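Kindly return the folded structure for what I paste below:
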Amino acid sequence: MDSSHAAIALYAAGATALVALLPRVRARLNLSRAKHRSLEGHARISRRLASFIPFYEYNERDFFQADEAPEDVVTRRRAGFGRLADYYRSHFGKTAQLTAEASAGLSDLQFTARYRVPFQFSRIVRDNLKAGSFLQSSNGVTVTDLDGNVFYDLTGSYGVNVFGYDFYKDCIDRGADRVRDLGPVLGGYHPVVVDNVRRLKEISGLDEISFHMSGTEAVMQAVRLARYHTRRSHLVRLCGAYHGWWGDVQPGIGNPVPAETTYTLSDMSEKTLQVLRSRKNIACVLVNPVQSLHPNANAPGDSSLIDGSRRSHFDRAAYGEWLKELRKVCSERGIVLIFDEVFVGFRIARGGAQEYFGVKADMVTYGKTLGGGLPVGVVCGRAELMKRFREERPADICFARGTFNSHPYVMAAMNEFLTRLDGADLRALYDGLDDTWNRRAEALNARLIEAHLPVRAANLSSIWTVLYTHPSRYNWMLQFYLRRHGLALSWIGSGRLIFSLNYSEADFVAVADRFVAAATEMERDGWWWTPPAATNKSVKRALLREMIAHRFGGH
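Prediction:
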């Protein structure tokens, strides 16, 4: 063969190889385009960036002047911070002392204390604003700490508390009485389990039920079963969504190892649907309905609140249409659609997100709300997806079992919950639920606007988030003023306020009064002063320059 023929053959081989590669290249490009442009959508980049950020902390001077505020504003901030610290010392002493004692051996407390605010401010805040994490009692819509301070509860026990603490106390007490003769016997079932299964099948509209120890465990099992029955490897999670702390659903910051069989794609995106239509290795799609409040963004926490760019907007109709399109594509491609309702289950509707958005899932997971206040996780699914063995392959099984599953006390408390859920009073509570909470949000926002305060509330029914209209480095300070005025928040701060549905109009007005008073005091103390030309972008750029200076020793 002469050189010209060899060259032609080489070109032909190259062209053939290129043609063969094109579909794979195209698929890879489609996958990249379906990822959200933010860091939340790019796990590897976010992990690298996290390792780049250096630790440093502000001295006392920088703490009050991180935004280069003038001296008169710094003076107001110092005085306000001093008053706040004095109040915390005089009112939260016992609670703070026990928290400090427990922190020495309780790693959970060490983590939450350190990440309540942006890390540069953390030490001075921890040294001066010691509120504590212990509570003595709950009553109605309030909780009381060890010092006797009564707070309106806006933590919602991380979503568990839907109907009020008194409701769950009664479920636990009555449930315990019903199973006392059997006690904590594990392995066998108490007869109450049969009624729980019947009621859950009716509520979820699905065929079979599986009980687990936690919401995280329930989601793990749902994904495991989807992979088993589809014989596919990958799960799809939508950008920003939380599905527990296990590795496959935390591909970015917070997971020591990469999640190699997880695709994190954009919520409410046609490009995501294109990936689902084209890829053959996708077993399931996880949907956390609370993301409809802030699609493609992580759960808002004040530890990452470095400016005023937090945004949120709930559009029920738009998110419902997106879920219907997602449902259609999953059905076409044999992909299991899983609704993770550990957080929103029974809060937005009796039938959960399926009822609320009018979309049927293949599997649904629930959490501790369903346990009547006790720990539990539940998977509801279609019969063919819940089966853990193959008839034709006796050694090919999908094992999942737990000692704690179907604990008699948990099952009895759950039955109390489910029985009451069918009662006329709770069914009536869902009538006009959105209207009630939308009206309340509008009323609070009207008061904030009238008072010229740079803070607003957005909501998905009784789940709220606090937004800021100013690009301030100090927006995170609001959580400490809210506590000073008798509002209890979870450790993530003002990013998520969760009301139980037993809040009366009088209760809500009291919360609104305290919220406005807290924001007014924060404004008076100078924390919301901003440079005239400041924007969220300029604040972020200044912070980036600061981090680079510390990273490379130039500061």
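
Not counting its neighbours along the chain, what's nearest Tyr263?
Using C-beta to C-beta, 6 or more residues apart in numbering and skipping residues adjacent in sequence, the residue nearest Tyr263 is Val236, 4.8 Å away. C-beta: built from backbone N, CA, C; applies to glycine.

so where does that neighbour fall, helix or strand?
If you go by DSSP states H and E, Val236 is part of strand 234-238.

quick check: mean pLDDT across that strand?
Mean pLDDT, computed over strand 234-238, is 97.

again with stretch 200-220
What stretch 200-220 shows for mean pLDDT is 95.

One more: stretch 388-403?
Across stretch 388-403, the average pLDDT comes to 84.

Would you mark the buried spots in it?
Neighbour counts over stretch 388-403 (16 or more other C-beta atoms under 10 Å) mark Ala400 as buried.

Need the contact partners of it.
Leu186, Gly187, Ser210, His212, Met213, Glu217, Gln221, Arg224, Leu225, Tyr228 (C-beta atoms under 8 Å, 6 or more residues apart in numbering).

next one: stretch 64-77
Counting by C-beta under 8 Å, 6+ apart, 58, 78, 81, 120-121, 472-474, 524-527, 529-531, 534, 539 sit against stretch 64-77.

Return the members of those classed as buried.
Neighbour counting by 16+ other C-beta under 10 Å classes 58, 78, 81, 120-121, 472-474, 525-527, 529-530, 534, 539 among the contacts of stretch 64-77 as buried.

so Leu323 sits right up against Phe357, yeah?
Yes. Contact criterion C-beta atoms under 8 Å: Leu323 and Phe357 qualify, at 5.2 Å.

As a check, name the ranges of all helices in the stretch 351-500 of the chain.
Along the stretch 351-500 of the chain, the stretches classed as helices by DSSP state H, counting those that start in this stretch are 352-357, 383-386, 408-421, 424-429, 433-450, 478-484.

would you turn these into a markdown table with distance to Leu200?
Shown next, in a markdown table, are these (distance: least, C-beta to C-beta, whole Å):
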| stretch | distance to Leu200 |
| --- | --- |
| helix 352-357 | 11 |
| helix 383-386 | 12 |
| helix 408-421 | 7 |
| helix 424-429 | 16 |
| helix 433-450 | 21 |
| helix 478-484 | 37 |
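
Which of these comes out lowest on mean pLDDT?
Averaging pLDDT over each of these puts helix 424-429 lowest, since it has a mean of 92.

Which strands or helices does that one pack on?
Based on contacts counted as 3 or more C-beta pairs under 8 Å, 6 or more residues apart in numbering; DSSP states H and E, there is no element that helix 424-429 packs against.

dump the residue contacts of Trp464.
Taking C-beta under 8 Å, 6+ apart, we find Trp464 in contact with Ala441, Ala457, Ala458, Arg496, Leu497, Ile498, Phe499.

Can I get stretch 130-145 in CSV, CA atoms only?
Extracted C-alpha coordinates of stretch 130-145, given in CSV (Å, rounded to 0.1, in the frame of the first residue of the first chain):
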residue,chain,number,x,y,z
LYS,A,130,-24.4,32.4,74.3
ALA,A,131,-28.1,31.4,74.1
GLY,A,132,-27.8,27.6,74.5
SER,A,133,-29.5,24.6,73.0
PHE,A,134,-31.4,23.1,75.9
LEU,A,135,-35.2,23.4,76.5
GLN,A,136,-37.3,22.6,79.5
SER,A,137,-40.8,22.3,78.1
SER,A,138,-43.3,23.0,75.3
ASN,A,139,-46.8,24.3,75.5
GLY,A,140,-49.1,25.3,72.6
VAL,A,141,-46.9,27.1,70.1
THR,A,142,-44.2,28.0,72.6
VAL,A,143,-41.1,26.4,74.1
THR,A,144,-39.4,27.3,77.4
ASP,A,145,-35.7,27.2,78.2
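
Quick check: buried residues in it?
Within stretch 130-145, judged by 16+ other C-beta under 10 Å, the buried ones are Lys130, Ala131, Gly132, Ser133, Leu135, Ser138, Gly140, Val141, Thr142, Val143, Asp145.

I'd like to know how many residues surround the closest residue to Pro300 other than its chain neighbours.
Nearest non-adjacent residue to Pro300, counting by C-beta to C-beta, 6+ apart: Gly495, 3.1 Å away. The number of residues packed near Gly495 is 24, by other C-beta atoms under 10 Å.

returning to that earlier point: in helices, which of the contacts of stretch 64-77 fall?
Applying DSSP state H to the contacts of stretch 64-77, the entries found in helices are Arg78, Phe81, Arg524, Val539.

roughly how far is stretch 436-447 from the heart of the chain?
Its chain's C-alpha centre lies 23 Å from the corresponding centre of stretch 436-447 when counted by C-alpha atoms, centre = their mean, to the nearest Å.

Over to stretch 263-277?
Averaged C-alpha coordinates place stretch 263-277 at 21 Å from its chain's average position (C-alpha atoms, centre = their mean).

Same question for stretch 510-517.
So, by C-alpha atoms, centre = their mean, the centroid of stretch 510-517 is 25 Å from its chain's centroid.

Please verify my assumption that Pro454 contacts Trp529.
No. Look at Pro454 against Trp529 with C-beta under 8 Å: they stay out of range, at 10.6 Å.

Quick check: phi and psi on the residue nearest the centre of the chain?
With distances taken as C-alpha atoms, centre = their mean, Ala299 lies nearest the centre of the chain, 4.6 Å away. The phi and psi values for Ala299, taken as degrees, to the nearest 10, are phi -50, psi 130.

can you pull the contacts of it?
By C-beta under 8 Å, 6+ apart, the contact set of Ala299 is Gly240, Tyr242, Val290, Ile492, Gly495, Arg496.

same question, Asp315
Neighbouring residues of Asp315 by C-beta under 8 Å, 6+ apart: Ser292.

Return the distance of it relative to Ser292.
Per C-beta to C-beta, to the nearest Å, Asp315 is found 8 Å from Ser292.

Equivalent analysis for Pro454, please.
Distance, Pro454 to Ser292, using C-beta to C-beta: 25 Å.

Between the two, which is the more surrounded one?
Taking neighbours as other C-beta under 10 Å, Pro454 and Ser292 compare with Ser292 leading, 27 against 18.

can you pull the pLDDT of that one?
So Ser292 comes in at 95 (pLDDT).

Go ahead and confirm it touches Arg316.
Yes. With contact defined as C-beta under 8 Å, Ser292 and Arg316 form a contacting pair (7.3 Å).

where do the helices sit along the stretch 151-300 of the chain?
Using DSSP H, counting those that start in this stretch, helices in the stretch 151-300 of the chain cover 165-179, 192-204, 215-230, 270-278.

Start from the N-terminal end of the stretch 201-350 of the chain and give the strands.
Here the stretch 201-350 of the chain has its strands, by DSSP state E, counting those that start in this stretch, at 208-212, 234-238, 262-265, 282-287, 336-340.

out of the ones you listed, deepest packed?
Neighbour counts (mean count of other C-beta atoms under 10 Å) averaged over each of the strands of the stretch 201-350 of the chain peak at strand 336-340, with a mean of 27.
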